[in-house]
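Asker: okay, structure incoming, though there's no sequence with it:
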């Protein structure tokens, strides 16, 4: 039977499940909307995403190439160039808009990578909790947890080279362990619930249990964690860029900070080259964190105000 | 760091007494640790000398590259040269006005009739910094050491298998198989004590270069006395120096990890001299009336070198680069003026020939009609005419002979100021003529790797050269393939010109030959000389005066080519005599007050908290 | 299982982790493209014979298994190799630079944890109060600032513009006694301020969350029902229980503090391990990068072990788990 079909007025089991989930989501959304932190964060976020998606369409590509950029060099903000220009004569405003795209891209994809690895390991370990599979996976997770991320990131980047793709990979590899830990403990608690045992008594296999029961119950906390991970990924990319390990083939906000610092913006007083990218990173990170926090509160009843 | 909530530990409350005690214990432990840290900071800071006498006059210099070695045979990076230049002497030195040979350890060298034998006379009473006598034997030993142990970077100073004789302590005879002016160039080799280096004579080159911690015994005005890797080093006056006694007693070098910090320190008065500044930093000191900037005329040039693929079996370069049309088109497509403006902010001049401008007599300044002008349209026509069409319409031309696209792999040195930024500009320029660029910013170590394997198409690096043009021309000759040559360019015409100028004794005639060689290199485009970047130094004019720039008025203030400047410095006022300086930093008593205040605040806060608790009870 | 068994178990785990780190370190750098001896040879212009000799000396002509064993043996005896750039012993180099980093990171962690925890306790206790809301937003804002950029701003404002503090470095040199102590303090202030501001937000938020969690527990409600005065509820029941998991997280996140330290040292020219790493990155000086990686991982492992053992002492429930 197809999903949602009504047969003689009775809905199929799957339809029931989805309707229940939709209702729950609706309730969560309503609670989220009442959370001031969350809505403010989401608002800022939407603004940045809109700029990242639509902004570059308004930029003339030729003016972004060092060779063909024709603005005045290192000019302070003016009407023509609201955020001033950089050392090649490119408009800072345009650079910031393009940087939004790269920085958000890094944030999202790196967090996705982190989620994929972390969730797979965490769910498997939690579901098979107590067995050898769990011990091994948990051991690996703990190993990666104690490895200081920056040392590992430096070592990896020194070996594979600093490109955009490599930076995303490096961030994902150095961040998945904490996600795995969170997911594992959630999966462990889900595993203990009675309906799992009942399903197994009915003959359900591992794959069915994991995809139909464990995953949906782990999902909310995973989602909240993912949002926080995006913030962390953006901060990590900034740190790597400031150390000179950022993407050499794309201009992210972190790289603008590195470029401007290396060129002497600090002492020469070219504040418009150094300050806006930092403020942008701060705003985006802050908004992701606020949303993540709000999600955490919404999805965990204990944190809601009594 | 994620902000995840700490996982709950289980039901019930942990025994409260122990926890409370544990909490207090943790706090106490942290306080103890903090105090311990603060008080043990001293031993970790590295060896510190006892406080010097307060009458010592110290010159404080800021640098951004650390001293790697004081081994004169292994010097490579910028700061290494500084120590060696101050600690040792050459037999004849470079005169400050024009880098011509001037008396140093030797008062002069006389040639015989056919210039195959030179007799050099040393000064009387020369001593090493440990008081032992410096004789002609040390000079002969040093030169023999270079030749016998095949120290590569000094090889070009000893042509025609010279031998050396020392009939007495003050005389050195240089015997050459062919007529030469090598002793008068002068050879840029620093004289070292025989007794220090004799034990290493005959060892493998890598072993010689690896020698560290040799005693700092030199004949120059200052010797290395203290060295804290990562922080800096100090050189003290040599009491046995043969020349005029410097007023400066001590030179302290302070390492900064970036130039911003260094220039701020200069502005604050923490240091007296800052070397090697980025153009952007000049703006920040321009307003300061106590800081002067020295714009040094360029003695190096930024190089886009093509690879002709002869370094070894696996050397792999684009065959199209062998076609001079392609190289000329590339040269035409690069706007050197834009590089000088955008990358160097006007402190560089557009490049043309391979001999640097600082060698004023030898540098060929091409007249405008002979130069390859910036003309991307003409460049495109040139390539069209030669058959390099874009067959698949992807914006990149293809080589008609191989069908491969004209894509250049270009490593650019991150350690060379402006190389990477210039590379980014060149990427854009070459796009306009349908040549693709894969730019790879890498460290100098990795550049060496690319060079050695020969698996690049062009690279962006630099050449520095000597005052005498011989060395710079030398590195472009065919036989230098695999040794100094960038990309194994082999041109018999150029090689012949090099040999001719090397044997030419008449200065004017030689200049003609050197000009011819530069023209040849310009027309054949083994490299595109992108720019002649200047060098920027800044100093506090309210602290020292009497700087002697070399070469000429637009020369380096600090070594450099010689140490005349440092020897001639005089302090500006009496107040300078005190070795401590720097107007930044908070005076000690403020720290004391702050500390007491902090303790008071903590006490008050905790007491107020307790009172509120009692109120609630 | 008694406490001794717990400690033993944690020691064994730490040992395994260290062994993993060591192995990982070795293979990571053997995978690197390019030949370390080749790099050295080109930059020093060595001859063929020299290169072969160097290769034999470094043991690079041995099979990989033997190289691994040599590496383990060397590391366990404290030999971490020789720097490609300075030809100096890596262990000695690291040892000479460890002091300033310990000072910087130690003080920074101390201040940020103490202040952060205090804020978190106060905020969590009176949730929704003005103090709580303002510090929460403040903490979130501080958490979101990249430390390197924050350092640059402080340098710009307090050193460049106002000239209150030196522009970098550890000390001016040439002083002893109290004058030297004050000089180091002057140089220490801005980097420590940067680290403190960079991490205080996180600790405040974590402690606050922990407080809120514990406040919802049954035993707190029952303590209140029993009539225990508020300040005692807080001091005896809430804070210690909230502190425990925070304590562990602080140590677990030490790895991040190390990262912040590297950037801060680079910005302020602070001559510690972080700056050493930064320079080694730029020079592709692999032995040094490898050595620092090993040392920092080992430090984190040791810290975690200490945290686990202390935690076990403070909370017997964990030992029984």
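Answerer: Arrived safely, thanks for sending. Small disclaimer: the values here were computed from a predicted structure and weren't measured. Numbering: from 1, shown residues only, chains lettered A, B, ... in the order given.
Asker: distance of residue B:272 from chain A?
Answerer: Taking CB to the nearest CB, to the nearest Å as the measure, residue B:272 falls 18 Å from chain A. Just so you know, the C-beta spots here come from the backbone N, C-alpha and C atoms, and that holds for glycine as well.
Asker: name the SS class of residue B:295, please.
Answerer: strand (DSSP: H, G, I helix; E, B strand; the rest coil).
Asker: in contact with residue B:237, which residues?
Answerer: With contacts defined as CB atoms under 8 Å, 6 or more residues apart in numbering or on different chains, residue B:237 is in contact with B:221, B:222, B:245, B:246, B:248, B:249, B:250.
Asker: now render those residues as TSV, adding neighbour count.
Answerer: What follows is the contacts of residue B:237, written out as TSV (neighbours: other CB atoms under 10 Å in any protein chain shown):
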residue	neighbour count
B:221	24
B:222	28
B:245	11
B:246	21
B:248	23
B:249	17
B:250	20
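Asker: and those, which is closest to residue A:257?
Answerer: residue B:250 (38.4 Å; CB to CB).
Asker: what's the pLDDT at the closest one?
Answerer: Looking at residue B:250, its pLDDT reads 93.
Asker: next, the buried residues of stretch C:12-20.
Answerer: Of all the residues in stretch C:12-20, those buried under the rule 16 or more other CB atoms under 10 Å in any protein chain shown are C:13, C:14, C:17, C:18, C:20.
Asker: quick one on the thing from earlier: for the contacts of residue B:237, which one is nearest residue B:319?
Answerer: residue B:222 (53.3 Å).
Asker: let me know whether that closest one touches residue B:235 as I believe.
Answerer: Yes - counting by CB atoms under 8 Å, residue B:222 touches residue B:235, with 4.0 Å between them.
Asker: shared neighbours of those two, anything?
Answerer: B:86, B:87, B:251.
Asker: burial count for the second one?
Answerer: Which is residue B:87. 24 (other CB atoms under 10 Å in any protein chain shown).
Asker: and for the first one?
Answerer: Here the count is done by other CB under 10 Å, and residue B:86 has 24 residues near it.
Asker: please report the distance of it from residue B:391.
Answerer: Residue B:86 is 60 Å from residue B:391, where distance means CB to CB, to the nearest Å.
Asker: near chain A, anything from the helix or strand that residue C:10 is a member of?
Answerer: Assessed by DSSP states H and E, residue C:10 sits inside helix C:3-30. Yes - using CB under 8 Å from any CB of the partner chain, we find that helix C:3-30 touches chain A at C:13, C:16, C:17, C:20, C:21, C:24, C:25, C:28, C:29.
Asker: so where is the stretch 1-150 of chain A shaky, pLDDT-wise?
Answerer: A:1-11 (pLDDT under 70).
Asker: just the helices from it, written as ranges.
Answerer: A:13-34, A:36-54, A:92-127, A:132-146, A:149-160 (DSSP state H, counting those that start in this stretch).
Asker: tell me how far the second one lies from the chain's centre.
Answerer: Think helix A:36-54. Helix A:36-54 has its C-alpha centroid displaced from the chain centroid by 14 Å (CA atoms, centre = their mean, to the nearest Å).
Asker: before we move on, what SS does the residue in the stretch 351-500 of chain B that chain C sits nearest to have?
Answerer: Nearest residue of the stretch 351-500 of chain B to chain C, counting by CB to the nearest CB: residue B:448, 3.3 Å away. Secondary structure, three-state DSSP: residue B:448 is helix.
Asker: how close does it sit to residue B:480?
Answerer: Separation of residue B:448 from residue B:480 (CB to CB) stands at 16 Å.
Asker: of these two, who's got more company?
Answerer: Between residue B:448 and residue B:480, residue B:448 has the larger neighbour count (other CB under 10 Å), namely 21 against 17.
Asker: pLDDT at that one, what is it?
Answerer: 77.
Asker: now do residue B:482
Answerer: pLDDT, residue B:482: 78.
Asker: same thing with residue B:397?
Answerer: For residue B:397, the predicted pLDDT is 93.
Asker: then residue C:41?
Answerer: On the pLDDT scale, residue C:41 is placed at 51.
Asker: so where do the strands sit in the stretch 201-350 of chain B?
Answerer: B:222-228, B:232-237, B:250-255, B:273-275, B:291-296, B:301-306, B:348-350 (DSSP state E, counting those that start in this stretch).
Asker: an error on my part: the question was meant for the stretch 151-300 of chain A.
Answerer: Under DSSP E, counting those that start in this stretch, the stretch 151-300 of chain A gives no strands.
Asker: now do the residue most central in space within chain A against chain C, distance only.
Answerer: The residue lying closest to the centre of chain A (CA atoms, centre = their mean) is residue A:230, at 2.0 Å. As for residue A:230, its distance to chain C is 12 Å (criterion: CB to the nearest CB).
Asker: what sits against residue 258?
Answerer: Went with chain A since none was named. Residue A:258 touches A:241, A:242, A:244, A:246, counting by CB under 8 Å, 6+ apart.
Asker: wrong one, I was asking about chain C
Answerer: With CB under 8 Å, 6+ apart, residue C:258 has these contacts: A:148, A:150, A:151, C:105, C:274, C:296, C:299, C:300.
Asker: please consider this matter closed, and thank you.
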